[in-house]
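Novice: sequence first, then the predicted structure:
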Amino acid sequence: MEKAHVYPIFVGDKKEMATKETVALIGIANQSCEALIKKLAQHYRLLLIQTQGNNLIGLSHQIMNSIPSTAIEVMECAKDGCWEADIILLIEMDNFEEGFIKRIKEVATQKIVVSISADKSGFSFSGENSLSFLLPYSKVVQILKKPGVKDVFLSGNDQEAVQTIYDKAKVFGYHITIVDDLSERAEMLL
Amino acid sequence: MFDRLFQHISEKVSLTEEEFEFCKTLFLPKKLRKRQYLLQAGDICKYTAFVERGVLRSYIIDEKGNDRILQFAFEGWWMADLYSFLTHEPSQFNMDAIEDCELLLINEQSWNIMLDRIPALERYFRILIQNNLIATQRRLMGALSETAEEKYLKLMDTFPGCIQRVPQHMIASYLGITRETLSRVRNQLATRK
């Protein structure tokens, strides 16, 4: 494994030298998240978790060829990927395997877990089916972003984690609003 | 995942099952691959790390660009830049993995919560800090007065598995001697046996 690079990253407008963080991405459906992955690859070491039916190796090679300085790896085990990760990113997790949360729960403790959804059909934003309930010891940040809409809404159970993700997401040029209740926003966007 | 940590704690203080379960919720499990950084000079040391599996090293880079190793941490050891951890000032140290590691990390906020909730851990960490102070004094005295052979023998005594797991050049760096001197010392010891 190559030594992690020292490189300048921007958090908000502030330039900081930092050890490159590792982000595990789960729920990628082939090419659908290519734009997001390319943006992330410029700032983070990425672990793409391959679920049944998705072949992400071609996608990872494509991105590494277009951005040579990237560190991207495809992994089959979500638990191992989340164990290595500093930040866990769940993308449109509408149809996750039963027990998936149970598998990653132990290794997601105290980590920032970000869930990106386009609407309410994935994880609930509140109640017993919410990610905060299912991962009570993780710092859950939920992002609502509908395709084709520039606005991004952010909410979470840990203020510092929400601010961290807000600062990181701003770098990518999104127009972000932090809200208390994402379910209300989801209704408005339907 | 927490076996070694809880065994280490149990050797010094008694905790209830409930207290152990509470501790689990405050630690961040982190896998680190060989040569990956845990901390780089200039970063703020946000976590103190307990080694469940693997070997870490902490080092600085001198004016000639050479690594100068301050410490190793094997299974059952803690590692942090306490100055940076407690003051939130940038660290002067680098920390990386000599082998693939499984670590348990805890930040200052969680650490304080843990100590507030489980007073027995105050004693546990006090014992660790005492031992660390003693070890630091011994290392300083050794650096000032011991021969290369004495330093090497003390290292073998403190870290018996070191020679099999840590590259020779890192051992030499830790002892503050050249690779050639280390090689000579090892040959002399082997000849005497």
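Specialist: Thanks, I have it.
Novice: ok, and what's touching stretch A:21-41?
Specialist: Contacts to stretch A:21-41, defined as Cβ atoms under 8 Å, 6 or more residues apart in numbering or on different chains, come from residues A:44-49, A:51, A:54-56, A:59, A:62-63, A:66-67, A:70, A:72, A:75, A:78, A:81-82, A:84-93, A:96, A:172. Heads up, the C-betas are built off the backbone N, CA and C, glycines and all.
Novice: drop anything exposed from these.
Specialist: Neighbour counting over these (16 or more other Cβ atoms under 10 Å in any protein chain shown) leaves A:44-49, A:51, A:54, A:56, A:59, A:63, A:70, A:72, A:75, A:78, A:81-82, A:84-93 as the buried ones.
Novice: give me the subset of those touching chain B.
Specialist: When contact is defined as Cβ under 8 Å from any Cβ of the partner chain, the buried ones among the contacts of stretch A:21-41 meet chain B at A:84, A:86.
Novice: sort out for me which of the contacts of stretch A:21-41 are in strands.
Specialist: A:45, A:46, A:47, A:48, A:49, A:72, A:75, A:87, A:88, A:89, A:90, A:91 (DSSP state E).
Novice: okay if I get those residues as a markdown table plus pLDDT?
Specialist: Compiled in a markdown table, those are given as follows (pLDDT from 0 to 100):
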| residue | pLDDT |
| --- | --- |
| A:45 | 94 |
| A:46 | 95 |
| A:47 | 95 |
| A:48 | 93 |
| A:49 | 91 |
| A:72 | 92 |
| A:75 | 92 |
| A:87 | 97 |
| A:88 | 96 |
| A:89 | 94 |
| A:90 | 92 |
| A:91 | 87 |
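Novice: put together TSV for these, with distance to residue B:49 on each row.
Specialist: Shown next, in TSV, are these (distance: Cβ to Cβ, whole Å):
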residue	distance to residue B:49
A:45	19
A:46	23
A:47	20
A:48	26
A:49	25
A:72	26
A:75	23
A:87	18
A:88	20
A:89	24
A:90	26
A:91	30
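Novice: spatially central residue for the chain, please.
Specialist: This is for chain A. The centroid of chain A falls nearest to residue A:89 when counting by Cα atoms, centre = their mean (2.2 Å).
Novice: sorry, I should have been clearer: chain B.
Specialist: Geometric centre of chain B, nearest residue: residue B:73, 3.0 Å, by Cα atoms, centre = their mean.
Novice: look up which residues are beta-bridged to it.
Specialist: Beta-bridge pairing of residue B:73 under DSSP bridges involves residue B:56.
Novice: contacting residues for it?
Specialist: For residue B:73, the contacting residues are B:49, B:51, B:55, B:56, B:57, B:58, B:79, by Cβ under 8 Å, 6+ apart.
Novice: filter these down to the buried ones.
Specialist: Judged by 16+ other Cβ under 10 Å, buried ones among the contacts of residue B:73: B:49, B:51, B:55, B:56, B:57, B:58, B:79.
Novice: which of the ones in strands among the contacts of stretch A:21-41 sits closest to residue B:192?
Specialist: Ranked by distance to residue B:192 (Cβ to Cβ), the ones in strands among the contacts of stretch A:21-41 are led by residue A:45 at 47.9 Å.
Novice: so where's the chain uncertain?
Specialist: Looking at chain A here, since you left the chain open. Scanning chain A for pLDDT under 70 picks out A:1-18, A:30-32, A:53, A:94-98, A:120-125, A:183-190.
Novice: switch to chain B, that's the one I care about
Specialist: The model of chain B has pLDDT under 70 over residues B:193.
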